[in-house]
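Undergrad: Next one to model:
(chains A and B)
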Amino acid sequence: MFRNWMQRITLTDVVIWAIGLAILIGVIWGSIVTLGTGKYSTATWIDLTLIGLALGGVYALIALGYTLVYGILRMINFAHSEVFMSGPFTATFAAWALVGAGWWNKYPILSLLIVLGVSAVVSSIIAVLLERIAYRPLRTAPRLVPLITAIGASFFLQYVFRGLYGSGLKGYPEMTILQGFWMLGSIRVFKTQAVAIVGAVIMMLILYGIVQWTKLGKAMRSVSENKEVAALMGIDVDKTISRTFAIGGAAAGMAGILYLLLFPVAHFFMGFFPGLKAFTAAVLGGIGNVPGAFLGAMMLGLLESVGPSLFLDGLGIPAPYQLKDAIAFSVLVLILIFRPTGILGERLAQAKA
Amino acid sequence: MQTQTPSPWKQATRYGLIGGAVAILMSLVGMVATFGQRYIVSGIFTMGQVMFLTPILIFAYMTIRRTAPQPINKVILLGALSGLSTSGVMAALVLTGQFLNLRAMFPNASPELYGILTFNQESALGLLLLLGTGLVIGGIAGGIYLLSPRMRSTLLQATTWVVLVGLLRDLIVTVSYRWGFLGNAVKALFAISGLTPLSAVILFILVGAVQYWRLERKQSAASRPTTNQKPYTRWLKLGGSALILILLPPVLGIFFSEILDNVGMYILMGLGLNIVVGFAGLLDLGYVAFFAIGAYTMGVLTSPELGFFSLTYWEALPFAMLACVLAGIFLGLPVLKMRGDYLAIVTLGFGEIVRLLALSDWLRPWLGGTQGIQRIAQPRIGDFLLNTQQELYYLFLIGIGIVAFIAWRLKDSRIGRAWMALREDEDVAMAMGINHVSTKLMAFAVGALFSGVAGTIFAAKLTSVYPHSMNFLVSINVLCLIIIGGMGSIPGVFVGSLVLIASPDLLREFAEFRYLAYGALLVAMMLTKPEGLWPEARRKLELHEDEFDSGQEPLMAMGNPDGR
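TA: Predicted structure coming up:
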């Protein structure tokens, strides 16, 4: 029995587990050292956690698009990060128009809703067009073909928006009522972060409701189970897929506005990193799984904001914040190596990614 | 599902409107205005006009093809209607631009753009001219459809040549300047910008005649049994091309040598990625990592600035190669079990991690952080230091020669066939006794090695490396060129590099739209011709499998919105 087990371990497994163990030890050791020196106060940790949660909320909304599309088409919509970029980039112009009309600070909630709406609509249109033009003709093509198409579409969209709106950075106007912070007991919460967290949770719940309880959601789930059978049951597969892209796009567009609240600069390349991280979040939670996307996104947001000070600082790495993106990518690589099904996912094991 | 075909007039309007959307996009992205000053035929015709007239022509032609068969007069009318709709959309853009300040949102909606669209006429007359042009061009598209295929191909070829020669006027004049009196003769053909009208006509007729004659020969050759080429002509051809390659830099000068070096670097990387993606089917988006590792190893080992080692280029080369192979295996090990999409994203993550590490303060004492590494050694042969673009060209040439030979021999070797088997079906390949661990690792290692060699030459050429030159776009460039050329095809790598890497360098204006064009090309290629421009025989067969079975064109049929 033992011998049998020994024989099945290959050199690859040993190497991989050794790498994993080394990283785990590094993380624990770094955390112990940091906490032992007491370099950061409790208030700092709370701040970092809140930033992490706000970021996590944004990632969760973007991750929803990846997860829904993966669930239904079994493909990674590589261009989703550009779907995310298109909405807020466009909405920035709407925001400045509202500033010009004097509405921005006079009717802040209405303005915010308008901007959210513009962003969601633009992102959704881009997502639907993308599906219609680039992905639909390739549904039966070999696996690599739609993936390469998605990469091409991603670049195309990025540079189209660069051409349309210019290559410079575009500031997003601040709202006076969202400046400063609220005190929750002794905890200081920045208003923008609070809005981002609450907004993300509400939108996530609404979208989860749509997927879980509406007729459209039912159609989506049945198409993701089996397209042929769903079609036989009278579901319009093309329409359902198109609407899935629309919902994912709208979520990404709204996430974009929350993202602009946290980092008030829009530009054509703004989608790349959040998109990649949201994808990581979707994989972390288990791709194809909506609650998983939320959980994964929150974890990733926290890891990214708390991680550098927690374990990289303790290892004596100077300027650990430069490596926060590297942490996110390492999480992606590690999760795919050690648990490709993610935290909550089961499906992948059958689908064989 | 049988849907009723809509009336051809409606379809013509629809395609025309889609064409209009494309034309507006091209205008607002800035393609029309940027090329507006670039004359093809001096004083008459600019590239900007080509840019907005092409969509009219293409969509009108598409309309006619989709609505075919129709009677002759109806074909012309349908084309004209489609062209009119396209130009109508553009006219609407111009009108809107006159009342609304579109520029606040779209910086490219400039008066120059409107000027080009309305042929620099007053608003009412200009709009009428625009509409009229659409009508006429649409009609012409109808006329083109009615021509024989041979005539059509002749016209296309001749027009393409005129546009290309007109566009590349500056370069042709610069190069011919070095040829003495011949240069003056060449110069006389061109105006200050673009071709003179007379030489444009001459070129058009000349190319057209040659093409027409060639097509006739091809037709008659097809009916005759082909005779085998004699072996000595093949060697003659090979020797001739080698001689041309060797003579290129002194003939073309520094500017072209720089471009050729660039192309050479990408050919080297393309040959490597072609093994990973094309042969083994492992989509690697972090390919720049190996390039970076090669370049940085060269930097660390040879630069006296960091003060670790100061080896020469040739002494450091084996170490750099070793580092790349090890990095390839290191990346390969964890991703062995992954397929397709996941592999792509993980490798992308790996590439970014390498770049972020090179950029970080943490590794600054070893890798130089944001400032990179300077004073990297350049290769020296005997007493002769290779340091100009023209001299380094030969280094690239030799490198490509060796690498291409290896790739070519690998392709049909045992390991090459194992790669392709894994690409086609991993489970079956494993069942047939292929060791997927060593086979995949071999692909990663060889790919990494080639890319690393390109990296070392790159470092030596610039004598410095910066983390910023190691970004994701490099990986995308390489990926694009092997896909455009044809995945798994070695000549395809050369074709792809020449087309994709040289064109932005040759044409300043194009550089602005480089990645936009790459993205569009990738999508268009996957939708219409996924096997690439110069396909590998096996892959072509595989991607068009059903065509051979049923004699249909599945991808074309799927592109048709009505024929599900």
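Undergrad: does A:Tyr66 really touch A:Ile76, like I thought?
TA: Yes: between A:Tyr66 and A:Ile76 there is a contact at 6.8 Å, judged by CB atoms under 8 Å. Every C-beta, even on glycine, is put in place using the N, C-alpha and C of the backbone.
Undergrad: hmm, stretch A:208-227 in reach of chain B?
TA: No: Stretch A:208-227 is not in contact with chain B by CB under 8 Å from any CB of the partner chain; minimum separation 13.2 Å.
Undergrad: Need the overlap of contacts for A:Tyr66 and A:Ile76.
TA: Listed as contacting both A:Tyr66 and A:Ile76 by CB atoms under 8 Å, 6 or more residues apart in numbering or on different chains are A:Phe279.
Undergrad: just the strands in the chain please.
TA: I'll assume chain A. A:170-171, A:181-184, A:187-190, A:265-266 (DSSP state E).
Undergrad: actually it's chain B I care about, not the one you picked
TA: Under DSSP E, chain B gives strands at B:39-41, B:45-46, B:380-381, B:384-385.
Undergrad: Mind putting the ones you listed into a markdown table with mean neighbour count, mean pLDDT and distance to B:Ile72?
TA: Below are those laid out as a markdown table (neighbours: other CB atoms under 10 Å in any protein chain shown; pLDDT from 0 to 100; distance: least, CB to CB, whole Å):
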| stretch | mean neighbour count | mean pLDDT | distance to B:Ile72 |
| --- | --- | --- | --- |
| strand B:39-41 | 23 | 82 | 31 |
| strand B:45-46 | 20 | 82 | 29 |
| strand B:380-381 | 12 | 80 | 68 |
| strand B:384-385 | 11 | 80 | 69 |
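Undergrad: tell me, how many neighbours does the closest residue to B:Gly286 other than its chain neighbours end up with?
TA: Excluding the flanking residues, the one nearest B:Gly286 by CB to CB, 6 or more residues apart in numbering or on different chains is B:Gly351, at 2.7 Å. As a burial measure, B:Gly351 scores 26 neighbours (other CB atoms under 10 Å in any protein chain shown).
Undergrad: Quick check, pLDDT for B:Gly351.
TA: Each residue has a pLDDT score; the one for B:Gly351 is 86.
Undergrad: I'd guessed it sits against B:Ala327; true?
TA: No: with contact defined as CB under 8 Å, B:Gly351 and B:Ala327 do not form a contacting pair (11.2 Å).
Undergrad: Give the residues shared as contacts by the two.
TA: B:Ala289.
Undergrad: can you pull the contacts of B:Met526?
TA: B:Met526 neighbours (CB under 8 Å, 6+ apart): A:138, A:141, A:145-146, A:148-149, A:152, B:483.
Undergrad: And B:Arg514, how close does it get to chain A?
TA: According to CB to the nearest CB, to the nearest Å, B:Arg514 and chain A sit 8 Å apart.
Undergrad: Please apply the same query to B:Met430.
TA: B:Met430 is 13 Å from chain A, by CB to the nearest CB.
Undergrad: Identify the residue nearest that residue in space, chain neighbours excluded?
TA: B:Met430's closest residue in space is B:His436 (CB to CB, 6+ apart), at 5.4 Å.
Undergrad: end-to-end on stretch A:70-80?
TA: End-to-end span of stretch A:70-80 (CA to CA, to the nearest Å): 11 Å.
Undergrad: average pLDDT for it?
TA: For stretch A:70-80, the per-residue pLDDT averages 86.
Undergrad: hmm, who's touching it?
TA: Outside stretch A:70-80, the residues touching it (CB under 8 Å, 6+ apart) are A:62, A:65-66, A:69, A:83, A:127, A:130, A:134-135, A:139, A:143, A:146-147, A:150-151, A:153-154, A:157, A:220, A:223-224, A:240-241, A:244-245, A:248, A:252, A:275, A:278-279, A:282, A:287-289, A:347, A:351, B:341, B:344-345.
Undergrad: Mind listing residues that contact stretch B:166-181?
TA: B:38-41, B:45, B:47, B:165, B:182-183, B:186-187, B:190, B:193-195, B:200, B:251-253, B:255-256, B:506-507.
Undergrad: So which bits of it are buried?
TA: B:166-167, B:169, B:171-172, B:175-176 (16 or more other CB atoms under 10 Å in any protein chain shown).
Undergrad: cool, and stretch B:295-307?
TA: B:295-303, B:306.
Undergrad: ok, so of those residues, who is nearest B:Leu367?
TA: Distances from B:Leu367 to the buried residues of stretch B:295-307, taken as CB to CB, are shortest for B:Tyr296 (6.1 Å).
Undergrad: so how far is chain A from the closest one?
TA: Applying CB to the nearest CB to B:Tyr296 and chain A gives a distance of 16 Å.
Undergrad: Do I have it right that that residue meets B:Ile376?
TA: No: using CB under 8 Å as the test, B:Tyr296 is too far from B:Ile376 to be in contact (9.8 Å).
Undergrad: Overlap in contacts, those two.
TA: B:459, B:465.
Undergrad: Count the neighbours of B:Pro71 for me.
TA: 8.
Undergrad: For it, report the pLDDT, please.
TA: pLDDT at B:Pro71 comes out at 82.
Undergrad: May I have the phi/psi pair for it?
TA: phi -70, psi 160 (degrees, to the nearest 10).
Undergrad: circling back to that earlier point, could you tell me which of the buried residues of stretch B:166-181 belong to helices?
TA: B:166-167, B:169, B:171-172, B:175-176 (DSSP state H).
Undergrad: Name the nearest of these relative to B:Leu356.
TA: B:Leu171 (38.3 Å).
Undergrad: Please tell me how far that closest one sits from B:Val499.
TA: For B:Leu171, the distance to B:Val499 (CB to CB, to the nearest Å) stands at 16 Å.
Undergrad: check contacts around the most centrally placed residue in chain A.
TA: With distances taken as CA atoms, centre = their mean, A:Ala278 lies nearest the centre of chain A, 2.4 Å away. Contacts for A:Ala278 (CB under 8 Å, 6+ apart) come out as A:58-60, A:62-63, A:65-66, A:80-81, A:84, A:297.
Undergrad: Could you tell me which of those count as buried?
TA: Using 16+ other CB under 10 Å, the buried ones in the contacts of A:Ala278 are A:58-60, A:62-63, A:65-66, A:80-81, A:84, A:297.
Undergrad: Tell me the one of those residues nearest chain B?
TA: A:Tyr66 (10.4 Å; CB to the nearest CB).
Undergrad: Not counting residues beside it along the chain, what's closest to the closest one?
TA: A:Ala282 (4.3 Å).
Undergrad: Tell me which of the contacts of stretch B:166-181 fall in helices.
TA: Using DSSP H, the contacts of stretch B:166-181 in helices are B:47, B:165, B:182-183, B:186-187, B:200, B:251-252, B:255-256, B:506.
Undergrad: Can I get the buried part of these as one PyMOL selection?
TA: Selecting only the buried entries of those in PyMOL, with 16+ other CB under 10 Å as the criterion:
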select buried, chain B and resi 47+165+183+200+252+256+506
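Undergrad: Let me have the ones in helices among the contacts of stretch B:166-181 in TSV, adding distance to chain A and pLDDT as columns.
TA: Converted to TSV, those look like this (distance: CB to the nearest CB, whole Å; pLDDT from 0 to 100):
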residue	distance to chain A	pLDDT
B:Met47	16	84
B:Val165	27	85
B:Leu182	40	76
B:Gly183	37	75
B:Val186	35	78
B:Lys187	35	78
B:Ala200	30	85
B:Val251	35	76
B:Leu252	30	78
B:Phe255	26	81
B:Phe256	27	82
B:Leu506	19	79
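Undergrad: Let me know the closest of the ones in helices among the contacts of stretch B:166-181 to B:Phe513.
TA: Nearest member of the ones in helices among the contacts of stretch B:166-181 to B:Phe513, counting by CB to CB, is B:Met47, at 11.9 Å.
Undergrad: Just confirm that closest one contacts B:Ala33, I think it does.
TA: No: using CB under 8 Å as the test, B:Met47 is too far from B:Ala33 to be in contact (10.8 Å).
Undergrad: Whichever residue of the stretch 151-300 of chain B sits closest to chain A: neighbour count?
TA: Among the residues of the stretch 151-300 of chain B, B:Leu283 lies closest to chain A, at 6.0 Å counting by CB to the nearest CB. Counted by other CB under 10 Å, the residues lying close to B:Leu283 total 24.
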